[in-house]
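In: Model the structure of this input:
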Amino acid sequence: MCFHPWSDITLPLMQPAEISKVIDRWADLIVELGAEYTWVQIFENKGAMMGCSNPHPHCQVCPSNFLPNEPALAERCQRDFLQKHGEPLLLQYERVVVENEHWLVVVPYWETWPFQMLLLPRRHVLCLPDLTAQERDSLASIMKRLLTEYDKLFEVSFPYSMRWAATGSYLKEDMSHLQLHAHYYPPLLRSATIHKFMVGYEMLANEQRDLTPEQVCFLLNIP
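Out: As a prediction, the model looks like this:
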């Protein structure tokens, strides 16, 4: 799914109204494909560093008739948290990097990639189609702010992989423990040319943080 008719226009360079159209199409696809498939995954790989071979800014949409491993683990953990604490896990957050009336961008507790972010609505929402028109416009605004700040950090079109915790027909069950959110995984570490690699100890033993959440918040410093 291409974002814009111009091949050199990335999301942070688009106008909020143009980004809102992308969000509307995401929501339509979730409704359309979710009627048939268990899981609908929307994701974007931006930049050659993230393996993107097509230079035209775009995302991909992959439906499946099963719940993949990562979403299945996240679903179980969030269900357990709700049973123990009486509130959805992703409604309890600090470490806020940027916010507006309807959305928060935070550094997640499990962050291991440099400048990894979690984007989520302030109110309890399960999926993109449930957002109001105002919330979608607000989402477009905060996406532009975050992605523009990414580009400014090392003065480069910032690579990342993004995925929505998109949903399909399995949401027909009781999923009140879940919260809509998007993950951003940027690979750049200390400059535009230094790439974090998950190798050696991190692949074989334990993931390590190169930056603390506090350092990430300070370096981005989004107004």
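In: could you say what helices and strands the longest strand anywhere in the chain packs with?
Out: Assignment by DSSP state E gives strand 39-46 as the longest strand of the chain. Counting contacts by 3 or more CB pairs under 8 Å, 6 or more residues apart in numbering; DSSP states H and E, strand 39-46 is packed against helix 16-34, strand 60-64, strand 160-164. Where you see a C-beta, it was placed from the backbone N, CA and C, and this is true even at glycine.
In: in the helix or strand following the second one, what counts as buried?
Out: Pointing back at strand 60-64 there. Helices and strands here follow DSSP states H and E; after strand 60-64, the next one along the chain is helix 69-85. Neighbour counts over helix 69-85 (16 or more other CB atoms under 10 Å) mark 71, 74, 75, 78, 79, 81, 82 as buried.
In: and if you look at stretch 113-132?
Out: 113-121, 125-131.
In: Equivalent analysis for stretch 196-209, please.
Out: Per 16+ other CB under 10 Å, stretch 196-209 contains these buried residues: residue 196.
In: Determine how far the last residue of that stretch lies from the first.
Out: 10 Å (CA to CA, to the nearest Å).
In: got the contact list for the helix of greatest length in the chain?
Out: The residue-count maximum for a helix in the chain (DSSP state H) belongs to helix 133-153. Contacts with helix 133-153, where a contact means CB atoms under 8 Å, 6 or more residues apart in numbering, come from 10-12, 14, 16-17, 19-20, 22-24, 27, 97-103, 105, 115, 117, 119, 121, 125, 131, 157-158, 160, 184, 186, 188, 219-220, 222.
In: Among these, name the ones in helices.
Out: Using DSSP H, 16, 17, 19, 20, 22, 23, 24, 27, 219, 220 are the members of those that sit in helices.
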